[in-house]
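Participant: Have a look; sequence and predicted model below, questions after that.
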Amino acid sequence: MHVAANEAEAKRAPHPLLCHTLPLCHSGDGLSPARNQSPPPSPPRAARGPAMPAPPPPNPSPRRHHHRAAANPTRHHLHIARCFPDQLPKPPSPNPNLLLSLLTAVPDWADAVSERRIQEQRPLYTHAQWREHRSSLRHLRHLLSSFSSRVILSLVPPVSAFTTFAAAVATYNTLVPDYALTASSLPYQLTAPALALLLVFRTEASYARFDEGRKAWMRVLAGAAELAGMVMHRGGDERGDEETGRGALLNYILAFPVALKCHITSNSDIRKDLQGLLSEDDLNVVLSSKHRPRCIIEFISQSLQILDFEEHRRSVMESKLSCFLEGICVCEQIIGIPVPLSYTRLTSRFLVLWHLTLPIILWTECKWIVVPATFVSAASLFCIEEVGVLIEEPFPMLALDAQCKQLHDSMHDMMSVQDSVRKRLVAKTKVRRRTRLPQNGWLSSKAEEVKVD
């Protein structure tokens with residue numbers, strides 16, 4: 001009997017190769033192995049007791065789900081999957097060390113002053129400012145304003161550090177002349193052209209980015225002015241609601257450069273800037289959007305579809321929106337992609353190593369003059385590198401607020417001039433028809449000239 005029971009259990013047991021496989025179950029992501037979900041082994045038949053009837057399987061009723069989905073067939077939502085998850089917030093940094101805080105006090109002060117100066121609005125140059133800009137006294141004026149320069153203030157930490165290090169090397173070499181730190185100047189003569197090329201290429205790359213950002217911004221302003229001019233052009237008398245719709249569309253067009261300016265610069269108050277252009281409801285919709293310039297483009301596109309424009313004119317106006325989209329892409333690329341970081345780091349490391357070894361190289365020939373020589377060299381070369389870093393981000397250097405205000409003023413002036421010019425031309429047309437004179441008041445034939453004579 002024991003032999004028969006063992007044979008029966010062996011028939012019910014699965015194959016040994018199948019024990020290492022896991023059954024598949026349906027999950028939210030598809031078929032996946034069901035782990036920790038295998039049923040417990042069944043007890044022997046003698047210990048089970050009387051067999052209970054199995055409950056009936058539940059009815060899945062697929063038709064009910066089909067009818068529920070088909071109850072509202074016109075309701076479709078476009079869903080775009082997120083490829084990249086949101087980044088988790090960084091944990092708070094621990095309390096800084098007191099010694100580290102003292103060492104970074106001067107750099108933090110210089111960075112705070114530089115950032116505060118960056119937030120200042122840039123004015124557009126006038127004729128008087130251009131005359132002052134090319135004045136022969138500009139060199140003296142620039143020299144006297146050195147201590148208020150943002151570039152020079154940002155150079156205080158590195159220049160003071162290298163000058164202090166040069167003084168320390170000079171002091172050591174004076175106190176211990178037998179073990180003085182000296183070296184040949186031949187390596188400096190060989191590497192000086194390489195450092196000059198690094199600084200030149202760094203500055204040129206930064207200015208190329210500055211020029212590209214300026215051109216992209218000017219294309220956006222030119223496209224906004226052209227599109228606003230097409231909206232303001234009226235073919236004839238319009239209804240009151242049509243006039244209101246055109247006014248709202250014009251405000252959307254003028255609001256786009258302001259929204260793009262706030263999008264590409266930091267510490268901008270977009271609510272304050274757009275409060276006079278958009279209504280409160282439209283402003284709330286724009287503020288709730290994650291990408292505000294594209295939200296305003298959607299306002300413009302929907303307004304072009306709703307308002308009564310000729311089909312050809314509407315298609316031309318919609319084609320102007322590509323200028324806005326191109327401006328967004330170019331500006332975002334300039335903000336998001338800096339000059340290759342390897343190049344920036346190489347230039348910075350080269351400058352640091354150059355000025356750390358400069359007192360050692362010059363000690364044999366210059367003695368204590370290495371201190372002012374290091375100061376002049378560090379102030380000059382680091383100033384060039386600092387200018388390249390500043391203009392690498394072009395938009396804080398441009399007068400974006402002044403240009404947006406200039407666009408708004410020119411559009412309002414054009415609206416007032418358009419009405420007055422239209423009235424004057426209509427009056428001239430009536431006078432010409434009454435006096436039967438050709439266009440512009442000129443005689444069109446020699447016979448009429450003889451009659452006048």
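Facilitator: Arrived safely, thanks for sending.
Participant: Buried ones in stretch 122-135, by neighbour count?
Facilitator: When neighbours are counted by 16 or more other C-beta atoms under 10 Å, no buried residue of stretch 122-135 is found. All C-beta spots, glycine's among them, are computed from the backbone N, C-alpha and C.
Participant: Please report the number of neighbouring residues for Leu197.
Facilitator: 10 (other C-beta atoms under 10 Å).
Participant: Does it lie in a helix or a strand, and which?
Facilitator: Assigned by DSSP states H and E, Leu197 belongs to helix 186-232.
Participant: That helix - contacts with which helices or strands?
Facilitator: Under the contact criterion of 3 or more C-beta pairs under 8 Å, 6 or more residues apart in numbering; DSSP states H and E, helix 186-232 touches helix 240-264, helix 311-319, helix 321-336, helix 341-366, helix 370-392, helix 400-435.
Participant: My guess is Ile118 contacts Arg150. True?
Facilitator: Yes: contact criterion C-beta atoms under 8 Å: Ile118 and Arg150 qualify, at 7.3 Å.
Participant: and the gap between the closest residue to Val113 other than its chain neighbours and Val352?
Facilitator: Using C-beta to C-beta, 6 or more residues apart in numbering and skipping residues adjacent in sequence, the residue nearest Val113 is Leu153, 5.1 Å away. Relative to Val352, Leu153 is positioned 20 Å away (C-beta to C-beta, to the nearest Å).
Participant: got it, and Met232?
Facilitator: Taking C-beta to C-beta, one finds Met232 at 57 Å from Val352.
Participant: before we move on, what about Glu212?
Facilitator: On the measure of C-beta to C-beta, Glu212 and Val352 end up 30 Å apart.
Participant: same question, Val431
Facilitator: 79 Å.
Participant: quick one, which of those two is more surrounded?
Facilitator: Applying other C-beta under 10 Å to Val431 and Val352 shows that Val352 carries more neighbours, namely 15 against 11.
Participant: Return the distance of that one relative to Ser301.
Facilitator: On the measure of C-beta to C-beta, Val352 and Ser301 end up 52 Å apart.
Participant: Could you do Thr203 as well?
Facilitator: Taking C-beta to C-beta, one finds Thr203 at 41 Å from Ser301.
Participant: Could you do Leu321 as well?
Facilitator: 6 Å.
Participant: Would you mind telling me which of those two has the busier surroundings?
Facilitator: Legend: neighbour count by other C-beta under 10 Å for Leu321 and Ser301, higher for Leu321 (18 against 14).
Participant: got the contact list for that one?
Facilitator: Leu321 sits next to 227, 297, 300-301 when contact means C-beta atoms under 8 Å, 6 or more residues apart in numbering.
Participant: Which of these has the largest number of neighbours?
Facilitator: Leu227 (26 neighbours).
Participant: Apart from its neighbours in sequence, what residue is nearest it?
Facilitator: Lys320 (4.6 Å).
Participant: Pull the number of nearby residues for the one you found.
Facilitator: Around Lys320 there are 18 residues (other C-beta under 10 Å).
Participant: That one contacts Ala228, correct?
Facilitator: No: contact between Lys320 and Ala228 fails when scored by C-beta under 8 Å: they sit 9.9 Å apart.
Participant: Quick one, grab the pLDDT at the residue nearest to Leu227.
Facilitator: Note on Lys320: pLDDT of 87.
Participant: Could I get the contacting residues of it?
Facilitator: By C-beta under 8 Å, 6+ apart, the neighbours of Lys320 are 223, 226-227, 230.
Participant: Also Phe299?
Facilitator: 252, 282, 286.
Participant: Helix or strand: which one has it?
Facilitator: helix 292-306.
Participant: And Val220, how far from Leu390?
Facilitator: 23 Å.
Participant: okay, those two: which has more neighbours?
Facilitator: A count of neighbours by other C-beta under 10 Å puts Val220 above the other of Val220 and Leu390, at 24 against 18.
Participant: check contacts around that one.
Facilitator: Applying C-beta under 8 Å, 6+ apart, the residues near Val220 are 256-257, 260, 323-324, 327.
Participant: Distance of it relative to Val387?
Facilitator: Where Val387 is concerned, Val220 sits at a distance of 26 Å (C-beta to C-beta).
Participant: on that earlier part again, quick one: which of the contacts of Phe299 is nearest to Asp273?
Facilitator: Val286 (11.0 Å; C-beta to C-beta).
Participant: Assess the claim that the closest one and Leu278 are in contact.
Facilitator: Yes: at 6.6 Å, Val286 counts as touching Leu278 under the criterion of C-beta under 8 Å.
Participant: overlap in contacts of those two?
Facilitator: Ala255.
Participant: Switch the contacts of Leu321 over to TSV; also include pLDDT and distance to Gln333.
Facilitator: Compiled in TSV, these are given as follows (pLDDT from 0 to 100; distance: C-beta to C-beta, whole Å):
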residue	pLDDT	distance to Gln333
Leu227	91	23
Ile297	94	18
Ile300	93	23
Ser301	92	23
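Participant: now, among these, which is nearest to Cys404?
Facilitator: Nearest to Cys404 out of those is Leu227 (C-beta to C-beta; 15.1 Å).
Participant: So Leu277 lies in a strand, does it not?
Facilitator: No: per DSSP: H, G, I helix; E, B strand; the rest coil, Leu277 lies outside any strand segment and is coil.
Participant: Tell me how many other residues crowd it.
Facilitator: When neighbours are counted by other C-beta under 10 Å, Leu277 comes out with 20.
Participant: And it, what's its pLDDT?
Facilitator: Taking Leu277 on its own, its pLDDT is 87.
Participant: so how many other residues sit close to Ser149?
Facilitator: For Ser149, using other C-beta under 10 Å, the count is 13.
Participant: now do Leu144
Facilitator: With other C-beta under 10 Å as criterion, Leu144 counts 9.
Participant: what do you get for the one 3 residues further on?
Facilitator: Using other C-beta under 10 Å, the number of residues around Phe147 comes to 7.
Participant: Name the SS class of the residue lying closest to it once chain neighbours are set aside, please.
Facilitator: Once flanking residues are discounted, Phe147 sits nearest to Leu153: 7.8 Å by C-beta to C-beta, 6+ apart. Three-state call for Leu153 (three-state DSSP): helix.
Participant: quick one: what helix or strand has Arg122 in it?
Facilitator: With DSSP H and E as the test, Arg122 turns up in no helix or strand.
Participant: so what pLDDT did it get?
Facilitator: 84.
Participant: who touches the spatially closest residue to it that is not a sequence neighbour in this structure?
Facilitator: Leaving aside its chain neighbours, Arg122 sits nearest to Ala399 (3.9 Å; criterion: C-beta to C-beta, 6+ apart). Neighbour list for Ala399: 121-124 [criterion: C-beta under 8 Å, 6+ apart].
Participant: May I see those organised as CSV, with distance to Pro394 added?
Facilitator: CSV is the format used below for these (distance: C-beta to C-beta, whole Å):
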residue, distance to Pro394
Gln121, 15
Arg122, 11
Pro123, 17
Leu124, 16
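Participant: Between those residues, which sits nearest Asp308?
Facilitator: For the contacts of Ala399, the nearest to Asp308 is Leu124 (37.5 Å; C-beta to C-beta).
Participant: what ranges of the stretch 101-250 of the chain fall below the confidence cut-off?
Facilitator: Scanning the stretch 101-250 of the chain for pLDDT under 70 picks out 101-103, 106, 234-241.
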